[in-house]
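Trainee: I'd like to go over a predicted model; first the sequence, then the structure.
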Amino acid sequence: MDKILIRGNGALNGTIPISGAKNAALPLMIASLLTSEPLVLENLPRLADVEALKSILSNHGVDYQVKGKRAGDDGMSGRVVEFQATEIVDTLAPYDLVRKMRASFWVIGPLLARAGEAKVSLPGGCAIGTRPIDLFLDSLAALGTELDIDAGYVNARAPAGGLRGGHYTFPKVSVGATHVMLMAASLANGETVIENAAREPEVVDLATCLNKMGADISGAGTPTITIKGVTSLHGATHRVLPDRIETGTFAACVAMTGGDVFLKNAQASLLQEALDVLEKTGVEVESGNDGIHIRRTGGDLQPVDFSTDPFPGFPTDLQAQYMALLTRANGTSHVTETIFENRFMHVQELARLGADISIDGQTATVRGVKRLSGAPVMATDLRASMSLVIAGLVADGVTEVNRVYHLDRGFELLEEKLSAVGADIERVSD
Ligand code: EPZ
């Protein structure tokens with residue numbers, strides 16, 4: 001099994017290109033199930049989750065073809081891939097495939113809308129909480145879907161004549177359930193209104209792409225989304241938006257080590273709250289049209305308190321990375337996690353590196369320390385693994401991050417990108 005070795009090595013300087021967003025790419029790929037025509041996605045990142053979803057989708061009848069190596073001029077990322085589901089050949093999403101990635105459960109929306117039925121295994125995914133599916137079931141029921149759960153599978157059936165437009169207010173914001181409603185309601189009969197919808201940029205990206213495919217969606221990015229159902233969707237070409245979590249992660253790396261790095265293609269509006277928190281630690285953030293400069297040229301990091309929240313709040317997917325940063329602040333910070341009930345799994349691993357963190361319920365108290373020291377560590381999820389890399393960048397000696405497959409799910413060319421700005425990081429195989 002691969003591991004990553006990092007030796008604390010001083011400031012980072014140079015340019016890091018930001019890839020297409022994993023969490024936008026996944027629902028966009030799933031949207032290809034909604035039409036028999038080709039959906040061309042540009043700037044698709046090369047990630048284990050993208051590869052896994054390709055094989056899940058091919059099980060339902062989606063063919064894919066790489067059309068070009070890159071769409072950008074950064075030389076590192078951005079494949080163009082065409083997805084086409086001429087026919088839905090199977091409406092079963094089996095346990096073996098769905099357990100590996102929670103997002104694959106989302107095929108339930110387009111399968112129901114286009115084929116009228118779906119049998120989808122209950123999902124797996126990162127171990128960060130119980131992650132129930134009640135909101136998916138309730139919102140799909142509002143479109144007339146009949147649902148039951150049996151032997152680990154959700155059986156879903158649209159009414160005769162297809163899904164019906166409906167009204168649904170989410171009792172809690174859910175990114176995934178909002179994606180599924182957008183896809184299902186696009187092909188329903190009549191109008192659907194969803195309230196308390198997720199406002200994440202990835203939801204807006206999916207709605208934009210669906211509209212290019214002929215859907216009639218308005219209000220994406222606000223809490224109320226209106227979807228007027230259409231009878232069919234057609235092909236389209238869409239560029240995946242830049243990854244705000246990758247952006248915030250590399251920003252935290254530079255904040256940790258000091259230096260001056262330009263995050264090319266990054267868009268500040270996608271993570272303003274996280275950038276504001278970074279500025280409060282004393283880091284300079286300068287955003288422009290084609291990217292964001294992150295600079296720290298001296299002085300201690302200042303402690304800061306933050307709480308995760310649905311967009312436009314501080315993203316839960318950056319909580320672990322920013323906590324790693326605050327382990328070296330000059331004072332005590334408080335980090336509150338409000339989205340997932342079990343997303344502090346990185347704390348005990350950060351402690352192995354010398355961090356001083358205690359947890360009380362949903363809040364972690366992070367007392368800044370002067371020094372971290374390298375050790376073997378491993379994490380249980382993608383973003384938590386990255387928090388260990390960030391700590392390793394300033395730790396004395398060697399930090400050995402195990403279970404690298406977590407990182408490969410969501411960070412494209414991680415070692416290459418960090419080495420290019422001066423980090424001492426390498427992947428080794430046992
Ligand atoms: C998406 O997960 C992201 N995944 C997650 O990123 C991200 O952490 C999360 O949104 C929140 O921003 C992808 O986009 C592929 P939710 P999702 O439904 O859609 C509860 C990463 O590291 N809930 O918005 O699964 C749920 O338990 C991943 O890239 C219910 O109670 O998240 C959580 O507490 C990890 N019932 C809250 O809602 C439901 O039916 C928000 O979850 C569904 C969700």
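Mentor: That came through fine. Residues are numbered from 1 along each chain as shown.

Trainee: For the stretch 1-150 of the chain, which segments are assigned as helices?
Mentor: 22-31, 48-60, 95-98, 108-115, 134-141 (DSSP state H, counting those that start in this stretch).

Trainee: Now do the contacts for Ser139.
Mentor: Tyr168, Phe170, Ala177, Val180, Met181, Ile194 (C-beta atoms under 8 Å, 6 or more residues apart in numbering). Where you see a C-beta, it was placed from the backbone N, CA and C, and this is true even at glycine.

Trainee: out of these, which is most surrounded?
Mentor: Met181 (29 neighbours; other C-beta atoms under 10 Å).

Trainee: what's the helix or strand for that residue?
Mentor: Met181 belongs to helix 175-186 when assigned by DSSP states H and E.

Trainee: neighbours of the nearest residue to Gly190 once chain neighbours are set aside, just the number please.
Mentor: Take Gly190 and drop its neighbours on the chain: the residue closest to it by C-beta to C-beta, 6 or more residues apart in numbering is Gly165, 3.2 Å away. Close neighbours of Gly165, defined as other C-beta under 10 Å, add up to 18.

Trainee: what's the distance between Gly165 and Leu39?
Mentor: 24 Å (C-beta to C-beta, to the nearest Å).

Trainee: how about TSV for the helices of the stretch 1-150 of the chain, with distance to Thr316 and mean pLDDT added?
Mentor: Below are the helices of the stretch 1-150 of the chain laid out as TSV (distance: least, C-beta to C-beta, whole Å; pLDDT from 0 to 100):
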stretch	distance to Thr316	mean pLDDT
helix 22-31	12	98
helix 48-60	17	94
helix 95-98	22	89
helix 108-115	23	98
helix 134-141	16	96
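
Trainee: Out of the ones you listed, which is closest to Ala375?
Mentor: Nearest of the helices of the stretch 1-150 of the chain to Ala375, taken as C-beta to C-beta: helix 48-60 at 25.6 Å.

Trainee: tell me the angle that closest one makes with helix 22-31.
Mentor: Using axes from the mean of the first three to the mean of the last three C-alpha atoms, to 10 degrees, the inter-axis angle of helix 48-60 relative to helix 22-31 is 10 degrees.

Trainee: Helix 48-60 packs against which elements?
Mentor: Counting contacts by 3 or more C-beta pairs under 8 Å, 6 or more residues apart in numbering; DSSP states H and E, helix 48-60 packs against helix 22-31, strand 63-68, strand 92-93, helix 95-98, helix 405-410.

Trainee: Pick the most buried one from the ones you listed.
Mentor: Comparing the helices and strands packed on helix 48-60 by mean neighbour count (mean count of other C-beta atoms under 10 Å), helix 22-31 ranks first with a mean of 27.

Trainee: where do the helices sit along the stretch 151-300 of the chain?
Mentor: Taking DSSP H, counting those that start in this stretch as the criterion, the stretch 151-300 of the chain contains helices spanning 175-186, 201-212, 244-257, 272-280.

Trainee: Does the last one reach the ligand?
Mentor: No - for helix 272-280, no contact with the ligand is found by C-beta under 6 Å from any ligand atom; the gap never falls below 12.5 Å.

Trainee: Now do that helix: distance to the chain's middle.
Mentor: Helix 272-280 has its C-alpha centroid displaced from the chain centroid by 19 Å (C-alpha atoms, centre = their mean, to the nearest Å).

Trainee: That one - contacts with which helices or strands?
Mentor: helix 244-257, strand 284-288, helix 319-326.

Trainee: For Ala268, which of the ones you listed is the nearest?
Mentor: The nearest among the helices and strands packed on helix 272-280, by C-beta to C-beta, is strand 284-288 at 3.5 Å.
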